[in-house]
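Asks: Sequence first, then the predicted structure, then my questions.
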Amino acid sequence: MHKEIRLMSIAGARPNFMKLAAIAKAVEKHNVSNATPLIRHIIVHTGQHYDEKMSKSFFEDLGIPKPDRNLGVGSGSHAAQTAEIMKRFESVLLQESPDVLLVVGDVNSTIACTLVASKIEYSRAAQRKRPLLVHVEAGLRSFDRDMPEEINRILTDALSDLLFVTEQSGIDNLRREGVLENKIRFVGNVMIDTLIQHLEKARQSDIKKRLGVPERYGLVTLHRPSNVDQKEVLESLVDCLVEVAKKIFLIFPVHPRTFKNIKEFSLLERLQSAGHILLTEPLGYLDFLNLIETATLMITDSGGIQEEATFLSVPCVTLRENTERPVTITEGTNLLIGTNPEKILKAVEEILAGRGKEAKVPKYWDGKAGERIVKVLCATIRQGSSI
Ligand code: UD1
């Protein structure tokens with residue numbers, strides 16, 4: 001009988017933090033309720049994102065406990081970053097030997113830590129088995145293997161023992177890949193848990209006053225390598241935003257990768273002199289949520305924002321050819337437009353004319369995904385996990 005479960009969670013990059021927050025909250029709630037077994041939560045930050053505005057501010061805004069370990073890996077090529085996380089994580093895993101390793105999302109930290117844990121060799125004397133491998137937000141597929149995240153998703157799912165999915169497509173994809181039925185659990189969306197938990201607080205943010213934002217505005221984010229790493233593509237998108245800004249005021253918090261390229265490709269002046277485009281540094285969670293909720297529309301290439309916009313019923317123009325989150329299209333506000341400037345302008349005009357999509361909230365996006373996950377984890381450990 002387990003008196004205590006040692007649960008290790010990994011966070012590395014910005015979109016992980018909202019998901020970790022919901023898990024941490026659910027663990028806390030479980031422990032406070034005196035349910036058994038108690039969970040000792042060990043949080044490891046890989047340091048993939050390290051800027052104050054990309055990392056620390058999220059831990060503060062979301063009340064995530066300070067990480068027990070920070071691997072401090074920083075940026076690098078995919079191979080260098082992934083390898084560095086793996087090297088540094090191995091010794092932490094050997095020292096802590098958790099019962100469960102939980103990873104979220106699809107960033108390099110997600111696959112790096114899963115891969116290490118799947119082959120960890122404890123000394124014979126330690127008599128330890130590798131941890132149960134758990135992937136939260138499993139099964140999503142864009143079917144675009146040029147996306148680094150798609151590779152991370154496929155490999156992490158292939159190695160995981162328990163796969164927690166956010167939408168029906170996740171179940172369908174995993175089944176198609178031959179994943180055993182008893183590994184798949186439809187629990188809902190932990191990112192929406194965090195959104196629900198913080199919406200009231202976000203409404204109190206004075207960000208609109210601080211930025212001097214008009215009543216109607218669009219909110220823009222761009223950071224996908226396919227959109228921002230090549231000059232012609234980024235230039236065309238910048239020109240398109242300048243055109244959109246003639247129709248509606250735009251707020252554009254700029255990701256570090258995007259900012260670097262905007263400067264390198266000499267596009268900063270064009271954005272700054274356009275008028276009606278407000279460039280800011282990356283914003284904290286509460287400020288950004290405040291802005292999404294009352295935005296007239298979103299223009300984005302982010303995965304998570306497609307879901308947040310759907311939950312908040314805000315029309316979302318997605319500058320990608322595919323999405324791994326199809327429920328945001330079939331049930332939500334999302335329009336998959338791609339990067340053709342004419343199509344983007346047309347979509348914006350439709351929304352401004354009041355012809356955006358009606359949306360409903362997808363199944364289990366109800367604020368309880370974290371609790372469902374903790375319940376399944378405890379039950380699995382109690383039964384003596386299948387590995
Ligand atoms: C990573 C994730 C992506 C996620 C995104 C959210 C992978 C493969 N990609 O992409 O899925 O949507 O995070 O932001 O894991 N940088 C800083 N400060 C930071 C972090 C990054 O200046 O705190 C700069 C560095 O120049 C770095 C570049 O941004 O080289 C890219 O960072 P990286 O972590 O490699 O990938 P992201 O583009 O952020």
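Replies: All right, it came through fine.
Asks: so what's the residue in the stretch 201-350 of the chain positioned nearest to the ligand scoring on pLDDT?
Replies: Of the stretch 201-350 of the chain, the residue with the smallest distance to the ligand, taken as CB to the nearest ligand atom, is residue 256 at 3.2 Å. For every residue, glycine as well, the C-beta is placed using N, CA and C. Reported pLDDT at residue 256 in the predicted model: 97.
Asks: which residues touch it?
Replies: For residue 256, the set of contacting residues under the criterion of CB atoms under 8 Å, 6 or more residues apart in numbering consists of 51, 54, 282.
Asks: and the helix or strand where residue 342 lies, what does it pack onto?
Replies: Using DSSP states H and E, residue 342 falls within helix 341-352. Packed against helix 341-352, as judged by 3 or more CB pairs under 8 Å, 6 or more residues apart in numbering; DSSP states H and E, are the following elements: helix 231-244, strand 297-300, strand 316-318.
Asks: winner for burial among the ones you listed?
Replies: Ranked by mean neighbour count under mean count of other CB atoms under 10 Å, the helices and strands packed on helix 341-352 are led by strand 316-318, which reaches a mean of 28.
Asks: After the helix holding residue 342, heading C-terminal, what element do we hit next?
Replies: Using DSSP H and E, the helix or strand that directly follows helix 341-352 along the chain is helix 369-382.
Asks: which parts of the stretch 51-200 of the chain sit against the ligand?
Replies: For the stretch 51-200 of the chain, the residues in contact with the ligand (CB under 6 Å from any ligand atom) are 51, 54, 75, 106, 107, 108, 148, 149.
Asks: show me where the chain has strands.
Replies: When assigned using DSSP state E, the strands of the chain occupy the ranges 4-11, 38-45, 69-70, 100-104, 132-138, 162-165, 184-186, 217-221, 249-253, 277-280, 297-300, 316-318, 334-336.
Asks: Need the buried ones from the contacts of residue 256 selected in PyMOL.
Replies: To isolate the buried members of the contacts of residue 256 in PyMOL, using 16 or more other CB atoms under 10 Å:
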select buried, resi 54+282
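Asks: With pLDDT added, can I get the contacts of residue 256 in JSON lines?
Replies: Formatted as JSON lines, the entries for the contacts of residue 256 read as follows, by pLDDT from 0 to 100:
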{"residue": "51", "pLDDT": "96"}
{"residue": "54", "pLDDT": "96"}
{"residue": "282", "pLDDT": "97"}
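Asks: how about the helices in the stretch 1-150 of the chain?
Replies: In the stretch 1-150 of the chain, the helices defined using DSSP state H, counting those that start in this stretch lie at 14-32, 57-62, 78-96, 108-118, 148-159.
Asks: can you put those in TSV and add mean pLDDT?
Replies: Formatted as TSV, these follow (pLDDT from 0 to 100):
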stretch	mean pLDDT
helix 14-32	98
helix 57-62	98
helix 78-96	97
helix 108-118	98
helix 148-159	98
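Asks: Need the winner for burial among the ones you listed.
Replies: Of all those, helix 108-118 carries the top mean neighbour count, a mean of 24, counting by mean count of other CB under 10 Å.
Asks: Going by contacts, tell me the helices and strands next to that helix.
Replies: Under the contact criterion of 3+ CB pairs under 8 Å, 6+ apart, helix 108-118 touches strand 4-11, helix 78-96, strand 100-104, strand 132-138, helix 148-159.
Asks: and the direction of the third one versus that of helix 108-118, what angle?
Replies: So the one you mean is strand 100-104. Between strand 100-104 and helix 108-118, the angle formed by their directions is 160 degrees, by axes from the mean of the first three to the mean of the last three CA atoms, to 10 degrees.
Asks: How about strand 100-104, which residues are buried there?
Replies: Judged by neighbour count using 16+ other CB under 10 Å, the buried positions of strand 100-104 are 100, 101, 102, 103, 104.
Asks: Can you tell me the closest non-neighbouring residue to the last one?
Replies: Read that as residue 104. Leaving aside its sequence neighbours, residue 104 sits nearest to residue 19 (CB to CB, 6 or more residues apart in numbering; 4.0 Å).
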